[in-house]
Structures are given as C-alpha cells and as structure tokens.
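# Have a look at this prediction, sequence included:
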Amino acid sequence: MALANRLRDSVTIQRATEGARNDYGIPTQTFATLATVDGWLQPQSRRLRDEASSGGAVAEGAICFMLPTDVTEADRLVVDGETYDIDSVINAAGKDHHLEVLCHRAEVV
C-alpha cells in the first residue's frame, strides 16, 4: 500500500510568532497555523530522563509520517485536538519521498 493511502490524519502545523508585549515589554509567543496536511500519526512510548529527580518521566512520543512540506523542529503539530512538540524532522532516506517527524505530546497551559 502506498504511503499516500495511509495518510488519514489531518495534521495542523503551527509556527511560533511574536505576540503582544507583556507588562514588562517582553513579547509573548503565540502560534499561528502554517498549514494543514495529511499525515499518519503513530504513537510510541519512550522514556525520558528527568535530571531533577532520581526517577524518570514518561513522555508520550509519536512519529508522524507526511509528504515533504515546510516543517521544522521549532514548529508544533496538532492532531485530533492534541498538541505535539517536534523533536526531529527526518527526510526519509534523504530522497524527499516523505518526512518522519518525531514528536511528543506537549503540555499546553
């Protein structure tokens, strides 16, 4: 089955933009929608070390497959109402066939 047939998730790519300045004159960070593309989000579990404690923290990781598009590690993805911070964008086999975007669920406040 071709990859394009597996891209069943609607993936919104958001890019950070400089927002209004706060009371101290520091610009706040907001995110604007850059594009909505077809993708395939596959959850993965991974263990992240928490330097502040002797234990560890578990982050919900995922890999998102998509056709080549404008996406960077500074962006974030939104899929089914869940926000994911991007850890790495990999050009699969370096041949511009598809991207593998490694990400983890963000804690949005």
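Sure thing, it's come through.

# Give me the next element, helix or strand, following whichever helix or strand residue 10 is part of.
Assigned by DSSP states H and E, residue 10 belongs to strand 9-21. Downstream of strand 9-21, the first helix or strand assigned by DSSP H and E is strand 27-49.

# Between strand 9-21 and that following strand, find me the angle.
130 degrees (axes from the mean of the first three to the mean of the last three Cα atoms, to 10 degrees).

# For strand 27-49, which strands pair with it and how are they oriented?
Note on strand 27-49: by DSSP bridges, its sheet partners are strand 9-21 (antiparallel), strand 56-66 (antiparallel).

# what's the closest of those to residue 74?
strand 9-21 (6.2 Å; Cβ to Cβ). (C-beta placed from N, C-alpha, C; glycine too.)

# same question for the strand holding residue 10, mean pLDDT?
On average, the pLDDT along strand 9-21 is 92.

# what comes into contact with that strand?
Contact with strand 9-21 is made by 27-41, 64, 66, 69-71, 74-80, as judged by Cβ atoms under 8 Å, 6 or more residues apart in numbering.

# PyMOL command for the buried members of those?
Burial among those is assessed by 16 or more other Cβ atoms under 10 Å; the matching PyMOL selection reads:
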select buried, resi 31+34+37+39+40+41+64+66+69+71+75+76+77+78+79
